[in-house]
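1. test case, fold it:
(one chain, ligands or ions: 1)
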Amino acid sequence: MPPSRPLEPVDIASFAGLQLSLLAAELDAEVAETSALVGGHSPSALQRAGMAITNLTVTAQRTGLGGKTVLELGPDAATAGSSSELPEHGLRTGDIVVVAEQPAGSAKKREVRELEKKGAKGVVTRLGRGVVAVALDEEDKEDNVVGSGGRVWIVKLADDVTYKRMAATMQKLQKMSEVELSIFIRVLFGLTSPSPVPLDPTDADVSSGKIEWLDPTLNDSQKDAIRFALASREIALIHGPPGTGKTHTLIELILQMMKRGLRILVCGPSNISVDNIVERLVPHKIPLIRLGHPARLLPSVLNHSLDVLTRTSEAGAIVKDVRAEMDAKQASIRKARNGKERRVIYGELKVLRKEYREREKRCVSSLVAGSKVVLATLHGSGGFQLRGEQFDVVIIDEASQALEAQCWVPLLSAKKAVCAGDHLQLPPTIKSLNFSKRKAKSPAALAKEGGDETAATKKGQAAAVTLETTLFDRLLTLHGPSIKRMLTTQYRMHEKIMRFPSDELYESKLVAAEAVKARLLRDLTAYPVAANDETTEPLIFIDTQGGDFPEKKEEEDASSSTAANAKKTKSRLMLGESKSNEMEAVLVRQHVRKLVEAGVRPEDIAVVTPYNAQVAILAPLKEAYPGIEIGSVDGFQGREKEAVIVSLVRSNPDGEVGFLAEKRRLNVAMTRPKRSLTVIGDSETVKRGSKFLTRWMSFLEDNADLRYPDVSSLALET
Ligand SMILES: Nc1ncnc2c1ncn2[C@@H]1O[C@H](COP(=O)(O)OP(=O)(O)OP(=O)(O)O)[C@@H](O)[C@H]1O
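-> As a prediction, the model looks like this:
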C-alpha cells in the first residue's frame, strides 16, 4: 500500500483567485497576439496569414441554435470573378470572428476594437467550399453587416468565450461558503481525505459484489481500474500510458455505471475526444445526448446531438413553428427596401426570438432531464442546457490535457469524478508562456503597444507555470498514488520501442500485448513490404554527432511588417525562436525514401519534431510523398503510426537542448510508433541536456540499430 501522504489543504478562495488572474493573463496574451496581427496588416495579408476571409457577401440568413441569426457568406461576384469558391484561408468551425464591412483600399491598418464596434461578433458554424456560416452573437449589431448590403470580410478574434466561462466557474468557487462545500469539493482541495475504498478489489463492486463484464476482452489492469472507479466515493484517476486503451476502459465504466442507475456527465477537452466516446457508446444502444454545436460534431454523432433532437423528437415540436416564422422574417429582411423597414422586422424578430428561446429551453430541459448519459466538451458543459442539472458522476477523458479551471466547469455539478489521462505526456498549451518569451525577445513590439515589458513577461511566465498544473497532477500530488490505477498493457508499440519510456516513466510496468510486441514493418499484412535493414529493425538511431549537422536558429526579419510578408510574420509569430536543422532534414528524406522503396505506404509514416521551424523545412516531403504526415510532437499527441521518424534538431557545441529537455514531450515523440521508431539526432549535444536525455542516448547506443551518416554521401539527397 502506498504511504498516506500528509495533506496540504488548498484555500479554495485563494486558489480560485489565483486561477482568475492567471486566466486573465492568458487571455491578454491571446488578445495581444491577435491585435498585433490584425493591427499590422491589410485584409489580403491577413487572409494569407490564415486570419481572415475577404471579399464576401451575405447570401442567406436564417435562424440557428438558441434563436441566433446565422449568416451565410459567399464570394462576392464583383471581386471573385467567376469563382464560386472561398479563397484559401485558415479559419475553422468554432472560431470566434467578427463580420464587418470590408474597408476599401487594401493596405490600411485597423484596430481590433474598431472592427468589433463596426461589425458583429459571432462563431463560425460551417465552412464549405463556397460558403462560410457565422452564428451572430450580437443581435443588435446585425444590421452593421446586413444593412450595408455590400462587400464584407470576416476576421478571426481571440477566443474570449472559453475564458469567460472558466472565469465564471472560478468566481462561483471563490464565493462558495463553508456550508456549500460538498465532501466531493473538500476532497478535491485536500480539506478532507477521500473515503477509503475497499482494499480487496474483488469486493469492490458497490452493490452486487461481482461485476458482470460486458466486454470480454478487458485486461486485468483495465478491470482493476474500473472496479476502483466504481468503488471510489469521490475521486478516481485512471492513468493510461500511451496505447493502453483508456477509452476502451471508459466505455465499459460508463456502461457499468449506467447499469447501476447512475446519472453521468462525460466530458473531454476537445470535440474529438468527446465524439470518440459517443461513437463507441452508440453501438450499445443506450440513450445518450451529445451537447455541442452540430457543425463541430462528427457526422456519425449527429443523431444524438441535442440540436438535432430538438428538431426531431416529440419535445422538439414546440419550437418548430416559431422557428419557421423566424426564418420567414429573416428572409424578408433581405428584401426590405430601406433601413426603416428593416428596423420594423428586427423588432418583430426580437419578440419571436424571446418566445423561441423560452420554448427551446423547455424542450431542451425535458430532453436533458430524461437522459442518463450526457456528453459535452468541458467548455460545453457550462452552457445553459445544463444549468441546475446534477450528476452522480462526471467522467473527464484526457484530463491531463485540460486546464484545471476548465475541468471545474462540469465538476461543480457532480458528487464524484473519474479522470482519465496521462500526466507524463504533454499538458495543455499555454499561450502566455510563448507570449512572454516572445515579448521578452521583442521589446520594440511591446513598446508599440504601450505595455510594460517586464510586468507582462513576469505575469506571463507566472501564469504558464501555474496554469500548466492540471487537476490530474494536482490531485496526485495532493492525495498520492492511492487515488489512481494505472493501465499497464499497451496495444501499440513493439516491445523494444516501449522499453525506454516504460522503464523511465512508468516504473517498468508496461507490458506489450502479445499481438504487438514483436510486430515489424515487414510483417504488415495490408500490403507487401520487403524485408531489409529498415523494415526488420524496430528501433533505429541515426547519430549525427561530430558537428557536421549543425542546427540553425530562425532569423528575425526586420522588413516583415509589409503586406507581402504577412505570411512570414504569422509563421514567425508562431515559430518564435524556433530551431531547424537542414542536414537532419536530408537524413529524414533519405530514410523516408528507403521506407517507401521497401513498400511502406507514405500514409503509414509520420515525421515528428519538437520544432515548428523543422516542420516547415520538412514540408516539401508532403509533395514528394502524398499522405505522409509531418508535424510537431505537440500536435501529434494522441496519434499513432506504423513508422515514426523523430528529428531532434538540436546540435551545437554548448549542449543547449531548449525544450527538448521536457521529458513529457520526448515521451510523446517516442511513443507514437507501432512497428518502427527512427530517431535522428546528435547524441553529443542531446545527452548533455538532462539526465533523462543522457539515459535515453545511452539506451539507444546499447539497444538501437546505430547508424553514423557520412555528410559527403548526403550530397545526392539534397
Ligand atoms: N483489452 C483489450 N484487448 C485488446 N485490445 C485492446 C484492449 N484495450 C484496448 N485495446 C486496443 O488498444 C488500442 C487503443 O485503445 P483505445 O483506443 O481505447 O485507447 P485510447 O485511450 O484511445 O488511446 P491511448 O491508450 O493511447 O490513450 C485500440 O486499438 C484498442 O482496440
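
2. quick check: residues of the stretch 101-250 of the chain near the ligand?
-> Where the stretch 101-250 of the chain comes near the ligand, counting by Cβ under 6 Å from any ligand atom, the residues are 217, 218, 219, 222, 240, 242, 243, 244, 245, 246, 247, 248. For the C-beta atoms, the positions are set from N, CA and C on the backbone; glycine is no exception.

3. ok so the first one is a strand residue?
-> No - the assignment for residue 217 (DSSP: H, G, I helix; E, B strand; the rest coil) gives coil, which keeps it out of a strand.

4. got the buried residues for the helix or strand harbouring residue 694?
-> With elements taken from DSSP states H and E, the one containing residue 694 is helix 691-703. Neighbour-count burial for helix 691-703, counted by 16 or more other Cβ atoms under 10 Å, picks out 692, 693, 696, 697, 699, 700.

5. who are the contact partners of the last one?
-> By that I understand residue 700. For residue 700, the contact set (Cβ atoms under 8 Å, 6 or more residues apart in numbering) comprises 500, 539, 541, 543, 679, 683, 706.

6. what's the ChimeraX line that selects buried ones from the residues you listed?
-> Buried residues among the contacts of residue 700 (16+ other Cβ under 10 Å), as a ChimeraX selection:
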select :500,539,541,543,679,683
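
7. could you list which of the contacts of residue 700 also contact the ligand?
-> Checked against the ligand using Cβ under 6 Å from any ligand atom, these give no members in range.

8. average pLDDT across the helix holding residue 694?
-> Per-residue confidence for helix 691-703 averages out to 97 on the pLDDT scale.

9. same deal with stretch 323-336?
-> Predicted confidence along stretch 323-336 averages 84 (mean pLDDT).

10. got the CA positions of it in PDB?
-> As requested, the backbone C-alpha atoms of stretch 323-336 are provided in PDB (Å, rounded to 0.1, in the frame of the first residue of the first chain):
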ATOM      1  CA  ARG A 323     -38.500  28.700 -36.000                       C
ATOM      2  CA  ALA A 324     -40.400  28.700 -39.300                       C
ATOM      3  CA  GLU A 325     -41.800  32.100 -38.600                       C
ATOM      4  CA  MET A 326     -38.400  33.500 -37.700                       C
ATOM      5  CA  ASP A 327     -36.900  32.100 -40.900                       C
ATOM      6  CA  ALA A 328     -39.600  33.800 -42.900                       C
ATOM      7  CA  LYS A 329     -38.800  37.100 -41.200                       C
ATOM      8  CA  GLN A 330     -35.100  36.600 -41.800                       C
ATOM      9  CA  ALA A 331     -35.700  36.100 -45.500                       C
ATOM     10  CA  SER A 332     -37.800  39.200 -45.700                       C
ATOM     11  CA  ILE A 333     -35.000  41.400 -44.200                       C
ATOM     12  CA  ARG A 334     -33.100  40.900 -47.400                       C
ATOM     13  CA  LYS A 335     -36.000  42.100 -49.500                       C
ATOM     14  CA  ALA A 336     -36.600  45.200 -47.300                       C
END
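
11. how far does that stretch sit from the chain's center?
-> Its chain's C-alpha centre and that of stretch 323-336 lie 37 Å apart, by Cα atoms, centre = their mean, to the nearest Å.

12. ditto for stretch 482-501
-> On the basis of Cα atoms, centre = their mean, stretch 482-501 sits 23 Å off its chain's mean C-alpha point.

13. tell me which residue is most central in this protein.
-> Nearest to the mean C-alpha position of the chain, by Cα atoms, centre = their mean, lies residue 270 at 5.3 Å.

14. so that one sits against residue 379, correct?
-> No - counting by Cβ atoms under 8 Å, residue 270 does not reach residue 379; the two are 9.5 Å apart.

15. next, show the common contact partners of those two.
-> None of the residues lies in contact with both residue 270 and residue 379 under the rule Cβ under 8 Å, 6+ apart.

16. list the residues that contact the closest residue to residue 316 other than its chain neighbours.
-> The spatially closest residue to residue 316, leaving aside those adjacent along the chain, is residue 310, at 4.4 Å (Cβ to Cβ, 6 or more residues apart in numbering). With contact set as Cβ under 8 Å, 6+ apart, residue 310 has these partners: 316, 319, 360, 363, 364, 367.

17. doesn't residue 310 lie inside a helix?
-> Yes - the assignment for residue 310 by three-state DSSP puts it in a helix.

18. residues contacting stretch 138-154, please?
-> Stretch 138-154 has contacts (Cβ under 8 Å, 6+ apart) with 43, 52-58, 61, 68-69, 71, 73, 76, 78-79, 91, 97-102, 118-122, 124, 132, 134, 136, 333-334, 339, 342-343, 346, 350, 353.

19. hey, C-alpha coordinates of that stretch in PDB?
-> What follows is stretch 138-154, C-alpha atoms only, in PDB (Å, rounded to 0.1, in the frame of the first residue of the first chain):
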ATOM      1  CA  GLU A 138     -24.700  40.300 -31.200                       C
ATOM      2  CA  GLU A 139     -28.200  40.700 -32.400                       C
ATOM      3  CA  ASP A 140     -28.200  44.400 -32.000                       C
ATOM      4  CA  LYS A 141     -25.300  44.700 -34.400                       C
ATOM      5  CA  GLU A 142     -26.800  42.500 -37.100                       C
ATOM      6  CA  ASP A 143     -27.600  45.500 -39.300                       C
ATOM      7  CA  ASN A 144     -24.000  46.600 -39.300                       C
ATOM      8  CA  VAL A 145     -23.500  43.700 -41.700                       C
ATOM      9  CA  VAL A 146     -26.800  43.000 -43.300                       C
ATOM     10  CA  GLY A 147     -27.700  46.700 -43.700                       C
ATOM     11  CA  SER A 148     -24.700  47.500 -45.800                       C
ATOM     12  CA  GLY A 149     -25.700  45.000 -48.500                       C
ATOM     13  CA  GLY A 150     -22.100  45.300 -49.800                       C
ATOM     14  CA  ARG A 151     -18.800  43.600 -49.500                       C
ATOM     15  CA  VAL A 152     -17.900  42.200 -46.100                       C
ATOM     16  CA  TRP A 153     -15.000  40.200 -44.600                       C
ATOM     17  CA  ILE A 154     -14.600  38.100 -41.500                       C
END
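
20. quick one on the thing from earlier: report the contact partners of the residue nearest to the centre of the chain.
-> With the criterion set at Cβ under 8 Å, 6+ apart, residue 270 makes contact with 377, 398.

21. do the same with the one 4 residues further on
-> Contact analysis of residue 274 by Cβ under 8 Å, 6+ apart lists 266, 267, 268, 290, 292, 375, 376, 377, 397.

22. can you tell me which of the residues you listed is closest to the ligand?
-> When the contacts of residue 274 are compared for distance to the ligand, the smallest value, 7.8 Å, is given by residue 397; criterion: Cβ to the nearest ligand atom.

23. so for the closest one, what's the pLDDT?
-> Note on residue 397: pLDDT of 97.

24. backbone phi and psi for it, please?
-> In terms of degrees, to the nearest 10, the main-chain angles of residue 397 are phi -90, psi 160.

25. do the same with residue 540
-> Here the main-chain torsion angles of residue 540 (degrees, to the nearest 10) amount to phi -120, psi 140.

26. quick check, pLDDT for the nearest residue to it once chain neighbours are set aside.
-> Using Cβ to Cβ, 6+ apart and skipping the chain neighbours, the partner closest in space to residue 540 is residue 678 (4.4 Å). Per-residue confidence at residue 678 stands at 98 (pLDDT).

27. how much space between residue 678 and residue 605?
-> Distance of residue 678 to residue 605, given as Cβ to Cβ, to the nearest Å: 10 Å.
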